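K.L.:
I need the structure of the sequence given here:
(one chain, ligands or ions: 3)
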Amino acid sequence: MSKTATELGSDQGNWLALSIGNSRLHWAWFQGELCKQVWHSPHLDPAAREKLIHAWNRGELWDGGLEYPGPLGDEAIAPNPPLWIASVVPQQLALWQSYRRLNIITLADLPLLGLYPTLGIDRALALVGAATESGWPVLVVDAGTALTLTGADPEGRLVGGAILPGFGLQLQSLTEKTAALPAVTFPGTLPPRWALNTPEAIASGVVYGIGAGVRDFISDWWQHFPTSPVVITGGGGEMLLRYLQETAPEIAKQAIAMPDLIFSGICCIKQQQSGESLPGPRFTPLY
Ligand SMILES: Nc1ncnc2c1ncn2[C@@H]1O[C@H](COP(=O)(O)OP(=O)(O)O)[C@@H](O)[C@H]1O
Ligand SMILES: CC(C)(COP(=O)(O)O)[C@@H](O)C(=O)NCCC(=O)O
Ligand SMILES: [K+]
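P.N.:
Ligands and ions are numbered 1, 2, ... in the order given. Below you'll find the model as predicted:
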């Protein structure tokens, strides 16, 4: 049975994880190793950050200005929660520099071999999270603002990866850099491949183009590491999985979708740094 906030001691075991991506902020509220809630918000300005901190100090996790799912029953967050941040956006990270209980995760904190200095911390943490859940070797496909592929070998050494514009960025760049192409919102379902109108032609090109590229990378990865799990994450992960289910069911069957992968990585690093025991699986591998 999970402990209530008061049973968990002085800071009541409460802490927040924040992964700062290029499109949005990804938040998780933890009690110890237990992830209680995950949500996403837009990037903040200083006023919104102040509102958030005040809300936490009232025991509330969210305020009306951000797209939260709503309170978790009548549970309250302990005031001044420790905040563990992984960021690939320096300006958004800078907003939190004066937060009292701040822990910034950097590459130096990670138990991975062969990292190069400019590797994104989100990519490295996703590897740690994926290995925590599935072991090494592992390939992570993160369909975020950028779509990244990041693989590590059986010893936890970075093999390498690739970066391409993600779904949203490809759609946006077509609109912005052409005269005639309209804005197309991210499709909720797999678009028709052979389209007979402009918006669907754009959606098709982006979804099937990205999908085919990812499929090819996965096939190549399995040439090197035939038994490796492939973990899919990021805001566009669900679309990517739909593409694989439709066009390559044998690949889709072996791909694990884990939208909250980054938090598994952050939790693992926090445990290590706090000298706590290594966590077991905590996240449902489903969209
Ligand atoms: N509710 C949403 N808000 C923003 N982007 C979303 C949403 N649902 C799906 N997406 C898609 O997910 C991608 C952004 O993924 P995300 O993992 O949030 O990015 P990042 O971590 O880089 O901020 C974009 O391509 C976008 O089109
Ligand atoms: C590739 C990224 C932009 C992905 O960021 P995201 O799309 O998740 O916001 C980020 O991981 C980053 O800035 N990486 C640095 C370069 C590298 O990983 O090689
Ligand atoms: K990401």
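K.L.:
Tell me, how many residues neighbour the closest residue to ligand 3 within the stretch 151-287 of the chain?
P.N.:
Proximity of the stretch 151-287 of the chain to ligand 3 (Cβ to the ion) peaks at residue 234, 5.3 Å away. C-betas here are computed from N, CA, C, even on glycine. When neighbours are counted by other Cβ atoms under 10 Å, residue 234 registers 28.
K.L.:
So it is in contact with residue 169, correct?
P.N.:
No: using Cβ atoms under 8 Å, residue 234 makes no contact with residue 169, being 12.0 Å away.
K.L.:
just the helices in the stretch 1-150 of the chain please.
P.N.:
46-57, 90-94, 121-134 (DSSP state H, counting those that start in this stretch).
K.L.:
which residues sit in contact with the nearest residue to residue 233 once chain neighbours are set aside?
P.N.:
Of all residues not flanking residue 233 in the chain, residue 261 sits nearest, at 4.2 Å (Cβ to Cβ, 6 or more residues apart in numbering). By Cβ atoms under 8 Å, 6 or more residues apart in numbering, residue 261 lies in contact with 126, 129-130, 133, 140, 142, 231, 233, 283.
K.L.:
closest to ligand 3 out of the helices of the stretch 1-150 of the chain?
P.N.:
helix 121-134 (4.1 Å).
K.L.:
just checking, what packs against the closest one?
P.N.:
strand 83-87, strand 138-143, strand 146-152, strand 158-165, strand 230-233, helix 261-273 (3 or more Cβ pairs under 8 Å, 6 or more residues apart in numbering; DSSP states H and E).
K.L.:
And the contacts of it?
P.N.:
19, 21, 86-88, 105-107, 110-112, 115, 138, 140, 142, 144, 148, 150, 152, 156, 158, 161, 229, 231, 233, 256, 258, 261-266, 268-269, 278-279, 281, 283, 285.
K.L.:
Would it count as contacting ligand 1?
P.N.:
No: counting by Cβ under 6 Å from any ligand atom, ligand 1 has no neighbours in helix 121-134; the shortest distance is 6.8 Å.
K.L.:
Would you mind writing the CA trace of that helix as PDB?
P.N.:
C-alpha atoms of helix 121-134 as PDB (Å, rounded to 0.1, in the frame of the first residue of the first chain):
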ATOM      1  CA  ILE A 121      20.300  15.200 -22.000                       C
ATOM      2  CA  ASP A 122      16.800  14.100 -22.900                       C
ATOM      3  CA  ARG A 123      18.300  11.400 -25.300                       C
ATOM      4  CA  ALA A 124      20.700  10.200 -22.700                       C
ATOM      5  CA  LEU A 125      18.100  10.000 -19.900                       C
ATOM      6  CA  ALA A 126      15.700   8.200 -22.300                       C
ATOM      7  CA  LEU A 127      18.400   5.500 -22.800                       C
ATOM      8  CA  VAL A 128      18.800   5.200 -19.000                       C
ATOM      9  CA  GLY A 129      15.000   4.900 -18.600                       C
ATOM     10  CA  ALA A 130      14.700   2.400 -21.400                       C
ATOM     11  CA  ALA A 131      17.500   0.200 -20.000                       C
ATOM     12  CA  THR A 132      16.000   0.400 -16.500                       C
ATOM     13  CA  GLU A 133      12.800  -1.100 -18.000                       C
ATOM     14  CA  SER A 134      14.200  -3.400 -20.700                       C
END
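K.L.:
Do me a favour and get the end-to-end distance for stretch 83-100?
P.N.:
9 Å (Cα to Cα, to the nearest Å).
K.L.:
Would you mind measuring from the nearest residue to residue 266 once chain neighbours are set aside to residue 269?
P.N.:
Distances taken as Cβ to Cβ, 6+ apart place residue 17 nearest to residue 266, at 4.4 Å, with adjacent residues excluded. Note on residue 17: its distance to residue 269, by Cβ to Cβ, to the nearest Å, is 10 Å.
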